[in-house]
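Asker: Mind looking at a prediction? Sequence and model below.
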Amino acid sequence: PSTSSVLPLKSSKSPPSVSPGIQRRHTLPASEVRPLNTQDAISVFEIEREAFISVSGECPLHLDEVRHFLTLCPELSMGWFEEGRLVAFIIGSLWDQDRLTTEALTLHKPCGSTVHIHVLAVHRTFRQQGKGPILMWRYLQYLRCLPNVRRAVLMCEDFLIPFYRKSGFKVLGRCAITVANLTFTEMWYPISGHAYMRRNTGCV
Ligand SMILES: CC(C)(COP(=O)(O)OP(=O)(O)OC[C@H]1O[C@@H](n2cnc3c(N)ncnc32)[C@H](O)[C@@H]1OP(=O)(O)O)[C@@H](O)C(=O)NCCC(=O)NCCS
């Protein structure tokens, strides 16, 4: 049995009380996790701008690339919203080779069995609260439900290797891709071998 349906995403704030019979309208959920769509692209990019561009001048996905992947494979993205506001997200696409190459930065290979995680980022004011690891955990659980997905890979700067190790990723080796003067390590997480889980977790 899996615990994937038990999600520690309850907001610490209790919802406002509502008198019986009075319908609440236009109320945003306190906490929600859902796939992203192209309408979320600007919010995604705002977080990227602060998290990456202001730091290194580069970011994993530019706005047009965010829109590109959210059009081609929205089901490989996941956003965490608090009262309607995006606080953390993951964007992935499919890849069909053992290792990442420069092409992987811009392509989605629908027949691939590897999910390439392009970016995980948490809004600045919501960091250091465990949200990044929780969202990653939930995303990896979700990937088990997708047919044909065998592993997830990502590239990260070396200082984040311990962070991803805690989520279960293992080092695959030096990444062939460099961006400006940044170098990366490739890490992977096995998704296959869960046929029993797939049958018993309500995955469709
Ligand atoms: C990395 C990131 C996703 C972590 O999410 P989070 O919700 O804050 O994660 P946590 O609450 O577990 O706490 C932060 C952890 O991130 C890691 N981390 C974040 N920034 C780090 C840095 N500059 N150096 C080393 N580790 C760092 C550490 O493991 C840290 O845990 P620690 O404080 O116990 O050492 C978030 O800091 C972020 O969005 N950063 C900017 C974007 C980014 O670098 N994304 C990853 C590359 S795609």
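Answerer: Good, I have the coordinates.

Asker: When you work out contacts or count neighbours from here on, use the C-alpha atoms and nothing else.
Answerer: Will do.

Asker: partner residues bridging the residue nearest the centre of the chain?
Answerer: Centre of the chain computed as the mean C-alpha position; nearest residue by CA atoms, centre = their mean is Ile90, 1.9 Å away. Using DSSP bridges, the beta-bridge partners of Ile90 come out as Met78, Leu120.

Asker: do you know how far it is from Ala121?
Answerer: Going from Ile90 to Ala121 by CA to CA, to the nearest Å gives 7 Å.

Asker: and if you look at Ala51?
Answerer: From Ala51 to Ala121 the distance is 7 Å (CA to CA).

Asker: before we move on, back to that, next, the contact list for the residue nearest to the centre of the chain, please.
Answerer: Counting by CA atoms under 8 Å, 6 or more residues apart in numbering, Ile90 makes contact with 77-79, 117-121, 135-136, 139.

Asker: tell me which parts of this structure are close to the ligand?
Answerer: For the chain, the contact set with the ligand under CA under 6 Å from any ligand atom comprises 51, 119-122, 127-133, 156, 159-160, 163.

Asker: May I ask which of these has the most neighbours?
Answerer: Counting neighbours by other CA atoms under 10 Å, Val122 comes out on top of the residues of the chain next to the ligand with 24 neighbours.

Asker: Not counting its neighbours along the chain, what's nearest that residue?
Answerer: Nearest residue to Val122, sequence neighbours excluded (CA to CA, 6 or more residues apart in numbering): Ala88, at 4.1 Å.

Asker: Could I get the average pLDDT for the helix or strand containing the one you found?
Answerer: Assigned by DSSP states H and E, Ala88 belongs to strand 85-95. Strand 85-95 shows a mean pLDDT of 98.

Asker: Surely Trp80 and Leu120 touch.
Answerer: No: shown here, Trp80 and Leu120 do not form a contact pair, counting by CA atoms under 8 Å, at 11.2 Å.

Asker: where do the contact lists of these two overlap?
Answerer: 88-89.

Asker: Low-confidence stretches in this protein?
Answerer: 1-25, 193-204 (pLDDT under 70).

Asker: The same query, at a cut-off of 50, please.
Answerer: Along the chain, segments meeting pLDDT under 50 span 1-19, 21, 196, 204.

Asker: can you give me the strands in it?
Answerer: Secondary structure of the chain (DSSP state E): strands located at 31-34, 77-82, 85-95, 114-122, 151-156, 170-174, 185-190.
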